[in-house]
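Participant: here is my input; please provide its structure:
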Amino acid sequence: MALTASDLPTMYTLLANSLSGDQSVRKPAESALAQSESRPGFCSCLMEIISSRDLASQVDVRLLASVYFKNSINRYWRNRRDSSGISVEEKIHLRQKLLSHLREENYQIALTLAVLISKIARIDYPKDWPELFSVLAQQLQSADILTSHRIFMILFRTLKELSSKRLTSDQKNFAEISSHFFDYIWHLWQSDLQTILHGFSLITQNVSPNASELCHDDLYLTCERWLLCAKITRQLIISGFPSDTKSIQEVRPVKDVSPVLLNAIHSILPYYSPFQEHNPKLWEFLKRACTKLMKVLVAFQSRHPYSFGDKSVLPLVMDFCLNKITDPKPEIISFEQFLIQCMKLVKSVMECKEYKPSLTGRVMDESGVTLELMKKNVSSVVAGVVTSLLPSDRVVLLCNVLIRRYFVLTATDLDAWYQNPESFHHEQDSVLWSEKLRPCAEALYIVLFENHSQLLGPVVVSILQEAMNGCPTSVTEITSGLLLKDAAYGAAAYVYYELSNYLSFKEWFNGALSLELTNDHPNMRIIRRKVALILGQWVSEIKDDTRRSVYCALIQLLQDPDLCVRLAASRSLCFLIEDANFSEKDFSDLLPICWDLCFKLVEEVQEFDSKVQVLNSISVLLTHGGEIIPYASKLVQFFQKAWEESSGESLLQIQLLAALKNFVIALGYQSPVCYNMLLPILRSGIDVNSPDELLEDSMLLWEATLSHAPSMAPQLLGFFPCLLEILERSFDHLKVAANITEAYIFLGASDFLSLHASSVAKLLDLVVGNVNDRGLLSILPVIEILIQCFPVEVPQLISSTLEKLIVICLTGGDDRDPSKTAVKASTAAILARILVMNTNYLAQITSEQSLLLLLQKAGFPNDENILLCLIDTWLDKVDNVTSIQRKAFGLALSVILTLRLPQVLDKLDQILSVCTSVIIGGSEDFAEEESSSINMSPSRPHVPSKEFRKRQMKFSDPINQLSLENSKEKIYRVMLKSFLPCFGGT
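Facilitator: Numbers count the residues shown, from 1 in each chain. All right, here's what the predicted structure looks like:
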């Protein structure tokens with residue numbers, strides 16, 4: 001039943017009650033609102049409450065109404081099969097009402113309405129709401145400051161929403177909007193800029209707070225509108241034009257707008273200090289404005305690099321940014337977000353591939369000039385501009401400034417480190433480079449060094465030597481010299497791959513780095529942390545004669561009193577152990593203390609990132625650290641405790657499951673020593689009621705556990721039904737599920753089948769016929785192995801699955817598709833195996849009425865003989881299978897000859913050819929495989945892994961064991977007896 005105007009008081013009461021702190025009042029109101037959401041007229045009632053002048057003071061209720069309105073748009077604006085949605089008539093009414101209520105005084109409500117208008121526009125514009133932008137443009141002509149600000153909020157949100165639509169027609173619509181709105185918005189932005197600068201000037205001339213507040217509100221609203229115009233301008237230029245890297249056409253607005261944006265920053269920045277002292281609100285705006293304008297310039301350069309590379313844009317912007325980085329005024333040094341954007345722009349220009357020689361192919365346009373040539377011409381011009389902006393002396397200056405100013409730890413950094421070493425470690429080493437000033441400076445430095453390595457290599461070594469000479473290893477005070485050495489060490493660490501041409505690691509380590517570790521004063525943690533970083537970064541330069549010393553140094557750093565240093569050492573140790581040149585011999589005696597230190601570290605850390613990092617260290621040790629059995633008991637205790645403490649933390653449990661898998665693999669056939677800890681964890685992970693995010697890693701752990709089990713544990717045997725439950729929910733992990741089933745067959749053999757026969761049958765029947773070719777190729781080897789091991793029992797058990805396989809084999813689609821060919825060939829091999837090992841059963845199943853019905857549904861002709869069609873498939877696919885499957889084909893065809901079917905006479909030449917080539921000519925292949933299997937069988941009698949069992953099973957395969965000579969003689973006897981009369985013989 002529809003809601004009407006008479007329901008407005010009730011709706012208002014429900015909204016008001018849902019804000020109550022009394023749960024007995026709030027809960028019934030929330031429930032009633034939830035039931036009303038899908039009723040016609042609900043959104044109209046909300047809109048009336050939002051726009052009612054009588055309720056203007058009831059901000060909380062109106063804001064809540066706007067939130068319900070927005071959520072209803074997301075759920076009901078589109079007509080869905082499970083919901084009637086909002087009627088066309090109500091949509092028309094709501095769109096009109098929204099555009100008539102533009103002057104909303106409350107900012108949060110206005111923002112929510114702008115968002116919901118943008119959501120509607122994404123669905124309805126232009127087809128059902130063609131007048132949207134024309135109405136907004138018309139309203140702008142006579143709007144006051146508040147109304148125009150709200151309109152620009154709507155425009156910004158709507159354009160942002162529409163710009164994300166990727167269809168060609170949608171992009172064309174956006175380009176039309178850009179052409180209509182750009183000039184007006186850009187001119188208003190320039191006009192507002194003059195108003196803002198004039199207002200700023202008046203405010204700085206009269207610093208009395210009371211006097212300045214009189215004009216602040218209108219000025220601040222103008223400032224916000226101006227910033228919205230800048231964002232809209234960015235959106236129109238970024239999304240309203242195709243990237244000039246594809247079109248090779250100049251985007252004129254980039255050249256017109258960029259210099260003006262830069263001048264605006266020039267004009268506003270002088271007010272940074274005055275406002276910081278006397279006007280915090282406008283100071284915050286100024287910071288947002290300058291940062292946003294720089295972000296717009298960065299976006300222009302990224303989207304339209306050729307247009308931005310024009311001589312009227314790039315030199316001005318690069319000069320400005322480089323000057324701000326290398327010689328900022330004292331007040332700008334604290335303006336980190338602005339400096340970050342300056343560094344981002346310089347970095348983006350320096351690594352821009354469009355400003356370097358083009359490597360694209362030759363694509364001709366209509367005039368015959370290649371796009372490659374056009375790009376190359378533009379690139380060469382811009383490259384010349386970039387080179388002129390970065391002469392050698394400026395490059396060296398920039399390098400020096402980055403290291404000596406931006407790499408140096410500040411008092412704030414040291415205090416943060418002292419207060420929370422763990423957080424400091426992750427903020428410095430794991431934070432996105434574009435979020436903090438020092439990581440951003442480091443990223444710029446790396447790109448600068450890559451582009452000018454020959455010039456800067458000696459410079460960085462010189463700074464390093466200067467820093468080491470100015471701060472001996474015996475110092476204990478935190479001085480400027482110590483902080484410079486820390487910065488220089490960092491600079492050397494980040495560009496190890498190029499700096500190694502100018503600096504010998506062995507000499508550096510023996511002459512300085514190792515000596516730094518002899519000073520255990522607390523203040524020297526600064527240098528010790530950086531030494532740990534260097535040892536991880538320079539891993540490729542650590543040679544055999546230094547490797548042992550480096551391992552010992554990292555073990556020493558893992559015992560450092562400072563947690564930040566220990567975490568840095570833990571990470572670097574991972575790099576060294578994972579290195580291809582890792583020496584187990586040099587590290588073996590360090591393993592006991594290394595394990596103890598890792599266990600201790602994981603107990604001390606508190607933050608999630610730290611726990612993950614240490615778990616990664618443990619996983620690396622398990623994978624590459626050598627003998628694991630002596631530490632198995634401690635590892636079992638560690639994993640037990642870690643799992644219990646990680647309850648409810650799925651992301652941490654994922655890391656634990658991955659580490660457990662490595663532990664099981666490292667233990668190999670001795671893995672049962674951890675089963676008391678492992679199997680309960682595994683059982684909880686593969687439970688369908690457990691968190692979905694744990695399932696993938698739990699299944700990989702399950703597979704590893706089975707693959708490395710020496711024998712089938714009863715608990716493991718009982719887990720198999722979980723696999724069926726998992727696949728009943730989703731086939732996402734089918735490949736791993738197939739491997740797990742294979743492992744159960746190899747490990748459990750007859751015990752497995754007798755206990756889980758029905759689950760196996762259900763699983764195969766569930767998969768076959770319901771997955772694509774890739775899925776079938778995962779499960780078909782499982783079926784083949786089952787039939788190989790249990791040729792009598794299994795065909796009867798999985799008859800439904802086999803019927804589907806016969807249908808796939810005989811009606812499996814286009815053979816030109818490689819995946820379909822592979823499926824048909826593998827399916828045919830399974831059926832050939834059944835014919836050889838259980839001939840009567842294949843005859844039985846091919847005559848079943850249920851199979852005939854399935855074939856009929858699949859379009860298989862009723863008059864075709866199933867067995868003859870199978871023969872055709874075996875003859876056709878003999879070159880698409882493995883050698884053992886080829887032998888099965890040959891043996892199956894030899895069986896066919898013994899059945900004395902008259903229809904086979906027409907195919908006799910082909911059958912004899914295949915039988916001869918497969919059974920006689922292919923003897924060498926089979927003999928080689930037999931020899932390989934025999935050689936494998938005694939080599940690792942005490943390591944019964946899955947692969948070993950797989951080879952054993954292959955060696956004992958009845959198909960492999962059948963006598964080739966007997967088969968050949970049998971064929972000839974049958975030929976003489978059965979077919980000679982057909983040629984008139986006696």
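
Participant: helix or strand next in line after the lowest-mean-pLDDT helix or strand in the chain, which one?
Facilitator: Within the chain, confidence by mean pLDDT, DSSP states H and E is lowest for helix 923-936 among all helices and strands, at a mean of 49. Counting by DSSP states H and E, the element after helix 923-936 in chain order, helix or strand, is helix 946-955.

Participant: using PDB, list the CA coordinates for that next one.
Facilitator: The C-alpha atoms that make up helix 946-955 are tabulated as PDB, following Å, rounded to 0.1, in the frame of the first residue of the first chain:
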ATOM      1  CA  LYS A 946      52.300 -38.500  -3.200                       C
ATOM      2  CA  GLU A 947      54.600 -38.300  -6.300                       C
ATOM      3  CA  PHE A 948      56.400 -41.500  -5.300                       C
ATOM      4  CA  ARG A 949      53.000 -43.300  -4.800                       C
ATOM      5  CA  LYS A 950      51.900 -41.900  -8.200                       C
ATOM      6  CA  ARG A 951      54.900 -43.400  -9.900                       C
ATOM      7  CA  GLN A 952      54.400 -46.700  -8.200                       C
ATOM      8  CA  MET A 953      50.700 -46.700  -9.300                       C
ATOM      9  CA  LYS A 954      51.700 -45.900 -12.800                       C
ATOM     10  CA  PHE A 955      54.200 -48.800 -12.800                       C
END
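
Participant: what's the helix or strand just after it packed up against?
Facilitator: Downstream of helix 946-955, the first helix or strand assigned by DSSP H and E is helix 958-961. Contacts defined by 3 or more C-beta pairs under 8 Å, 6 or more residues apart in numbering; DSSP states H and E place helix 958-961 against helix 818-837, helix 883-898, helix 923-936. Every residue, glycine included, has its C-beta placed from N, CA and C.

Participant: quick one, helices of the stretch 701-850 of the chain?
Facilitator: 714-718, 721-729, 734-767, 773-789, 793-797, 799-811, 818-837, 839-845, 849-857 (DSSP state H, counting those that start in this stretch).

Participant: tell me which residues in the last one are buried?
Facilitator: Read that as helix 849-857. 851, 854-855 (16 or more other C-beta atoms under 10 Å).

Participant: related to what we said a few turns ago, least reliable of the helices and strands packed on helix 958-961 by average pLDDT, please.
Facilitator: Confidence, taken as mean pLDDT, is least for helix 923-936 of these (a mean of 49).

Participant: coming back round to it: tabulate the helices and strands packed on helix 958-961 (JSON lines), appending distance to S913 and mean neighbour count.
Facilitator: Formatted as JSON lines, those follow (distance: least, C-beta to C-beta, whole Å; neighbours: other C-beta atoms under 10 Å):
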{"stretch": "helix 818-837", "distance to S913": "17", "mean neighbour count": "23"}
{"stretch": "helix 883-898", "distance to S913": "10", "mean neighbour count": "23"}
{"stretch": "helix 923-936", "distance to S913": "16", "mean neighbour count": "13"}
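
Participant: so which of the helices of the stretch 701-850 of the chain is nearest K231?
Facilitator: Closest to K231 of the helices of the stretch 701-850 of the chain, according to C-beta to C-beta: helix 721-729, at 44.5 Å.

Participant: now for that closest one, which elements pack on it?
Facilitator: Applying 3+ C-beta pairs under 8 Å, 6+ apart, one finds that helix 721-729 contacts helix 734-767.

Participant: and the angle from the helix it packs on to helix 799-811?
Facilitator: Our comparison of helix 734-767 with helix 799-811, counting by axes from the mean of the first three to the mean of the last three C-alpha atoms, to 10 degrees, yields an angle of 100 degrees.

Participant: centre of the chain to helix 734-767, how far?
Facilitator: Distance of helix 734-767 from its chain centroid, counting by C-alpha atoms, centre = their mean, to the nearest Å, is 32 Å.
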